[in-house]
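**Q** I need the structure of the sequence given here:
(2 chains)
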Amino acid sequence: MSKRQLAMVMDLNKCIGCQTCTVACKTQWTNRNGREYMYWNNVETYPGEGYPKKWMELGGGFDAAGDLQPGIIPNIEADYGVPWDYNYDSLAEQNLLSDDPTPACRPDQSPTWGPNWDEDQGAGNFPNDNYFFYLPRICNHCSNPGCLSACPRDAIFKREEDGVVLVDLDRCQGYRYCIAGCPYKKIYFNPKISKSEKCILCFPRIEQGLPPACAQSCVGRIRFVGFLDDEESQVYKLVHKYKVAIPLRPDYGTQPNVYYIPPTEAPPKFDSEGRIIEGSSRVPIEELEKLFGPAVHDAIKTIKAEKEKRKKTGESELMDILIAYQHKDMFRLDHNYYVEVAKKKGMKPMPLVDERYVAGKYTKPSSISHFKVHA
Amino acid sequence: MRGVVQVAAALSLAASVMLAGTVVEAVKVKSLDGIKCGADLIRKNAKFTKVAVYPQTTVQMNDKKANELNKDAKAKLVDVAAFTDGKSVALIVRWPDKTKDVFDCYCSDKYPDGFAVQFASDASNPEKLPYIGMGSDGRPVAIYIRKAYGTIYEPNGDGNVEFQVNPHNVNAFGEDLKKFEKEVEKRGLKTYQRAFVSEGFRSMTEIKDDSAKFRTDMHYVEKNGGMWGGLVVRPIEDEYAKPAKGEYAVAVAVWDGKELQRDGLKRLSGWIAVKLPGGDHAQLEKVVTEQVQGDVNKGQELAMTNCASCHRWKGAEMAPKYMAPDLSNIGGQATAAYIKESIVDPNAVIVPGYNRNAHPNFSWYMVDENGNRTSAMPPFNYLKPEEINDLTAYMQTLKAEVEK
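**A** Numbers count the residues shown, from 1 in each chain, chains lettered A, B, ... in the order given. Modelled structure (predicted):
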C-alpha cells in the first residue's frame, strides 16, 4: 500500500464509445517501438469478447485466501489482434488499366481478430431486450497488484507517493508472469524490446499539472482524477462519500483504484407487441453484479434516489458532480504535493504547464497565480 | 511386484548417476581469441563431461500453460567442457533439444531456447557454496545468459531519446527518413547476451557498466535429433568471480522455449567443479561428488516425520502448496554439504522464494527492521549425526528421472 493513492472514476452512464481516449493514449504512448498492438486504454462493448479476447477467463488475481492464481498469456494474433496497415503504396503505384480495376484501400493482411471486433453487438433480441454498454479500461493501479506479485525479479513497483504501478524496464527481463498474474490483462509484452509495459497513468503529465491523456480528451467528460484521501476531490466524493463509484471485478482481490459509476440509465424493454414494459431495464442486474460485486445494488439505489431528489428539489451534489461541469473540478492533481515529493528526493520538480488542475489536499486554490480561468 | 519396480527404479537411478558427472577438466589451449561454436579447437580438444540438469521445482510460477507442459519434466544430460588460455576461461555447453525455438516474431506468448552459466564468486569454502538457485545472501554468483532471440531492440540503451520517436513524428521525409530508420536500427539492435550478479533469486542485477568482459555464442545443429551448442568466455579472474585453488564452482542451466521455459522455469545442474590445469584441487571436487552413505529407508521415514509437514516433493504432497521450497529435485541440484547445512542451520542460506505479496500466508522468512532475514524453518540440530546422514542420503535420491 502506498502512502497516497491517485484514483480515477469513470461514469459508464456517459461513455459513448467514441474511442477518443484510446486514440489519445495510443498517439501519446503506444504507436511505436513494439507497442503497436497494445491499448493501455481501450473501450470495449459489454457484453462482448473484450480486449484481449475473453480476458475475464484468463486467470490471475487472488483467491479468497490471498494466493496468487495462475493465468494464461494471450496471443497477439488470436487474442489482441495484429495492427494492420493499408495498401497505400500499391494504391499509389498501380496501373488502373492493367491492375485491379476496382482500387480500394484494403488491409495489407487478412486480419481475423482485433480490438472491438464485436463492437456494438451486445446481447439480447432486437428490439425487445437487446442491450450493451461501453466499458473503458485502463490499468487499475491496484493496491494489491497481481502483476507486481507475480514478478520473479521485483521489476514492478508501486510508487510510494501516488500508488501508480510501474515497470522498472532496467530490471524487467520479459518473463511475462505479470501478464498471467494480472486478472485484467492490462500489462503487455513488448516483443521488440522483450520487456513488459503498461499504462503509467500519464505520471509525467500529472507531475506537470496535466490530467492523463485519456481523461483530458474524454468528450463525454466521464473521467474524474484525484487523490482518494483528498476530501474535496470529486473522486473522494464519488468513491467514499456517496459510494456510487465501485471497482471492476473486486472478486479478483487486487483492490483496483479505477472506479466505475455503474450504468443505471438503460431504456426499458419491449414486450412481444412492441409495448414498453414499465419499470424494466435492459441491462440485467446480474451482469452488473458480476462486474461490480454486490455493492452495485446500493450504488444504483443512491444514484436513483439522488436523481429523484434533484428532480423534486433542484438540489443534489451528486448529480452536480456527475454532470461534470468543469474540468478544473474533475481533476485535482495536487501539484504542490508533487513538488514537495521531488524536493524530498533531491530531484528537480517538473515545471507546471497548466494551472487549472493543480488544486488538492496540499495545494490550495489561492496558490494558483497568474493563469486565471473564468468560472 | 512393487519390490521389483522399486529395484528397477533404483537401478535406473544408479545408471543415471553413473552417467552424469560433476567434474570438468579445463583444457589448456594457446588462445581463446575469437572462439565460436563449432570451432575446430572445440571439436578436437574438448573433454566433455555429461552433466545432468534437473527441472527447477523449488517454486512454481503462475503461468498455467507452462506449468501444465512442465508438470512431469524430466532431467536432461548436457555436455560440459572448459578451456583456458591462461587469460580467459571458456565454458562449452552442448544440450539436446528437438526444436530450435528462436524468438524473432511479433508475438507475446513464445519463448526462446537459451542457456546460462553461473560462477560462484568465491568457492574457497566448498562446504559453504552459494545457493544453487542464483546465489544467496553474502554468497554471490556471476551469471552469463545467452538466449536465442533474433535481435532485441534496447530502448534508450545509450540514452538517445531522439531516436525513439515514431518515424511519423520525425521531421524527415524520403531519403532522410530512411537514414533515420537505419540509425535507429544501428543504435537499437543487440544480441541477447547478458551478465548478472546475484545473491539469491529476485536480487539478480544486470551488469550494465561494461565491467564484466565476456562473450557468448549459441548455435543449433539438426543432427542427432537436434542439439544446441553454447559458449561463454570470460576472464580467469575479475571482480565478479575468481577460481579458488585452480577450481571454479560452476552450474549450467538450459531453457526450452517449446516448453514455455524462461526465468526459474528451466533445467539446472548442481555445482560442477571446473578444474584449471595445474594447481591443487581436490577440495571442491570432493564436495560436488559427495554421495552420502546412509540408510535411505530410514531417511525417508525421518523426512516424512520431520520435513513433509512443510515441504513437498514428489511422493510427499501433504504440506500446503506454497509453505516451503519444493524438494522434488533437491538431490539433483544441491550438494550433500548444502543439504546438511540447511537441516542443522536453516538461516545459513535463506531461499527468498515467492514474491512476498503472492502468497502472504506463507512467509519463508521473517525480516527485522535492519533487513536481516530469519528462516521460518526451525533448526533440526537435535537430530543425531547418523539421522542427518540418513536424511541427507534420502534427499539425494530426490530428483527427476533423466530423459532417454
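**Q** strands along the stretch 1-150 of chain B, start to end?
**A** B:23-28, B:49-55, B:76-84, B:88-96, B:114-120, B:141-147 (DSSP state E, counting those that start in this stretch).
**Q** which elements pack onto the shortest one?
**A** Same thing as strand B:23-28. strand B:49-55, strand B:76-84, strand B:272-275, helix B:283-289 (3 or more CB pairs under 8 Å, 6 or more residues apart in numbering or on different chains; DSSP states H and E). To be clear about C-beta, it is placed using only N, CA and C from the backbone, and glycine gets the same treatment.
**Q** repeat for the last one
**A** Under the contact definition 3+ CB pairs under 8 Å, 6+ apart, strand B:141-147 sits against strand B:114-120, strand B:193-198, strand B:215-221, strand B:227-235.
**Q** if we use 6 Å, what do you get?
**A** With contacts taken as 3 or more CB pairs under 6 Å, 6 or more residues apart in numbering or on different chains; DSSP states H and E, strand B:141-147 sits against strand B:114-120, strand B:193-198.
**Q** kindly report the same for the fourth one.
**A** For strand B:88-96, the helices and strands in contact under the criterion 3+ CB pairs under 6 Å, 6+ apart are strand B:76-84, strand B:227-235.
**Q** how about a markdown table for the strands of the stretch 1-150 of chain B, with mean pLDDT added?
**A** Formatted as a markdown table, the strands of the stretch 1-150 of chain B follow (pLDDT from 0 to 100):
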| stretch | mean pLDDT |
| --- | --- |
| strand B:23-28 | 94 |
| strand B:49-55 | 97 |
| strand B:76-84 | 96 |
| strand B:88-96 | 96 |
| strand B:114-120 | 97 |
| strand B:141-147 | 97 |
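**Q** out of the helices and strands packed on strand B:88-96, which comes closest to A:Asp162?
**A** Among those, strand B:227-235 comes nearest to A:Asp162, with 42.7 Å by CB to CB.
**Q** list of residues touching the closest one?
**A** B:32, B:37, B:88, B:90-97, B:115, B:117, B:144, B:146, B:213-221 (CB atoms under 6 Å, 6 or more residues apart in numbering or on different chains).
**Q** for chain A, what are the nearby residues on the stretch 201-350 of chain B?
**A** Residues of the stretch 201-350 of chain B found near chain A (CB under 6 Å from any CB of the partner chain) are B:202, B:262-264.
**Q** please redo it, this time with the cut-off set to 7 Å
**A** B:201-202, B:204, B:262-264, B:322 (CB under 7 Å from any CB of the partner chain).
**Q** what's the answer for the stretch 1-150 of chain B, then?
**A** Residues of the stretch 1-150 of chain B lying close to chain A (CB under 7 Å from any CB) are B:61-65, B:67, B:105-109, B:149.
**Q** and for B:Ile42, nearest residue in space, chain neighbours not counted?
**A** Leaving out its chain neighbours, the residue that sits closest to B:Ile42 by CB to CB, 6 or more residues apart in numbering or on different chains is B:Ile92, at 5.8 Å.
**Q** what pairs with that neighbour across the strands?
**A** On the basis of DSSP bridges, B:Ile92 is bridged to B:Ala81, B:Leu231.
**Q** my read: it touches B:Arg43, true?
**A** No: counting by CB atoms under 7 Å, B:Ile92 does not reach B:Arg43; the two are 10.4 Å apart.
**Q** higher neighbour count, the two?
**A** B:Ile92 (26 against 8; other CB atoms under 10 Å in any protein chain shown).
**Q** that one: what's it in contact with?
**A** Going by CB atoms under 7 Å, 6 or more residues apart in numbering or on different chains, B:Ile92 touches B:42, B:46, B:81, B:231.
**Q** got the residues of the stretch 51-200 of chain A near chain B?
**A** Checking the stretch 51-200 of chain A against chain B by CB under 7 Å from any CB, the hits are A:59, A:65-68, A:70-76, A:144, A:148-154, A:175, A:177, A:180-181, A:189, A:191-194.
**Q** show me the contacts for B:Leu129.
**A** Residues near B:Leu129 by CB under 7 Å, 6+ apart: B:120, B:123, B:249, B:271, B:335, B:338.
**Q** want to throw the residues you listed into a markdown table with neighbour count?
**A** Shown next, in a markdown table, are those (neighbours: other CB atoms under 10 Å in any protein chain shown):
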| residue | neighbour count |
| --- | --- |
| B:Ala120 | 29 |
| B:Ala123 | 27 |
| B:Ala249 | 28 |
| B:Trp271 | 25 |
| B:Thr335 | 23 |
| B:Tyr338 | 25 |
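**Q** so which of those is the closest to A:Gly279?
**A** B:Tyr338 (71.5 Å).
**Q** doesn't that closest one lie inside a helix?
**A** Yes: assessed by DSSP: H, G, I helix; E, B strand; the rest coil, B:Tyr338 belongs to a helix.
**Q** what score does B:Ala15 have for pLDDT?
**A** As predicted, B:Ala15 sits at a pLDDT of 45.
**Q** picking that back up, cross the residues of the stretch 1-150 of chain B next to chain A against helices and list the overlap.
**A** Judged by DSSP state H, these include B:64-65, B:67 as members of helices.
**Q** coming back round to it: against chain A, how distant is the residue nearest to B:Ile42?
**A** Distance from B:Ile92 to chain A, counting by CB to the nearest CB, to the nearest Å: 24 Å.
**Q** ok, A:Gly124 - contacts?
**A** Counting by CB under 7 Å, 6+ apart, A:Gly124 touches A:130-131.
**Q** if you set the cut-off to 10 Å instead, what comes out?
**A** With contact set as CB atoms under 10 Å, 6 or more residues apart in numbering or on different chains, A:Gly124 has these partners: A:47, A:130-132, A:269, A:282-284.
**Q** closest one of the residues you listed to B:Lys178?
**A** A:Phe132 (45.5 Å).
**Q** nearest to chain A: which residue in the stretch 201-350 of chain B?
**A** Nearest residue of the stretch 201-350 of chain B to chain A: B:Asp263, at 4.2 Å (CB to the nearest CB).
**Q** on the pLDDT front, check that residue for me.
**A** pLDDT at B:Asp263 comes out at 92.
**Q** if you skip the residues just before and after it, what's nearest to it?
**A** A:Tyr175 (4.2 Å).
**Q** about what we covered before: neighbour-wise, which one of the residues of the stretch 201-350 of chain B next to chain A leads?
**A** B:Arg262 leads those on contacts (other CB under 10 Å) with 24 neighbours.
**Q** that one and A:Leu12: what is the separation?
**A** Note on B:Arg262: its distance to A:Leu12, by CB to CB, to the nearest Å, is 38 Å.
**Q** next one: A:Gly124
**A** A:Gly124 sits 18 Å away from A:Leu12, going by CB to CB.
**Q** where do the helices of chain B begin and end?
**A** With helices called from DSSP H, chain B shows them at B:2-19, B:40-45, B:64-69, B:174-188, B:283-289, B:296-306, B:330-333, B:336-344, B:385-395.
**Q** average pLDDT across the last one?
**A** Yep, that's helix B:385-395 we're talking about. 97.
**Q** name the residues of it that come out as buried.
**A** Neighbour counts using 16 or more other CB atoms under 10 Å in any protein chain shown place B:387-395 of helix B:385-395 among the buried residues.
**Q** quick check: of those, which lies closest to chain A?
**A** The shortest gap between chain A and any of the buried residues of helix B:385-395 belongs to B:Met395, at 24.7 Å (CB to the nearest CB).
**Q** quick check: closest non-adjacent residue to the closest one.
**A** B:Ile339 (4.9 Å).
**Q** test my guess that B:Ile236 contacts B:Gly86.
**A** Yes: counting by CB atoms under 10 Å, B:Ile236 does reach B:Gly86; the two are 7.4 Å apart.
**Q** which residues do these two both contact?
**A** Joint contacts of B:Ile236 and B:Gly86 (CB under 10 Å, 6+ apart) are B:Leu276.
**Q** have a look at these two and say which one is more surrounded.
**A** B:Ile236 (16 against 13).
**Q** OK, contacts around the more buried one?
**A** Applying CB under 10 Å, 6+ apart, we find B:Ile236 in contact with B:26, B:84-89, B:242-243, B:248, B:276.
**Q** turn the contacts of B:Ile92 into JSON lines, columns for neighbour count.
**A** Compiled in JSON lines, the contacts of B:Ile92 are given as follows (neighbours: other CB under 10 Å):
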{"residue": "B:Ile42", "neighbour count": "21"}
{"residue": "B:Ala46", "neighbour count": "19"}
{"residue": "B:Ala81", "neighbour count": "21"}
{"residue": "B:Leu231", "neighbour count": "28"}
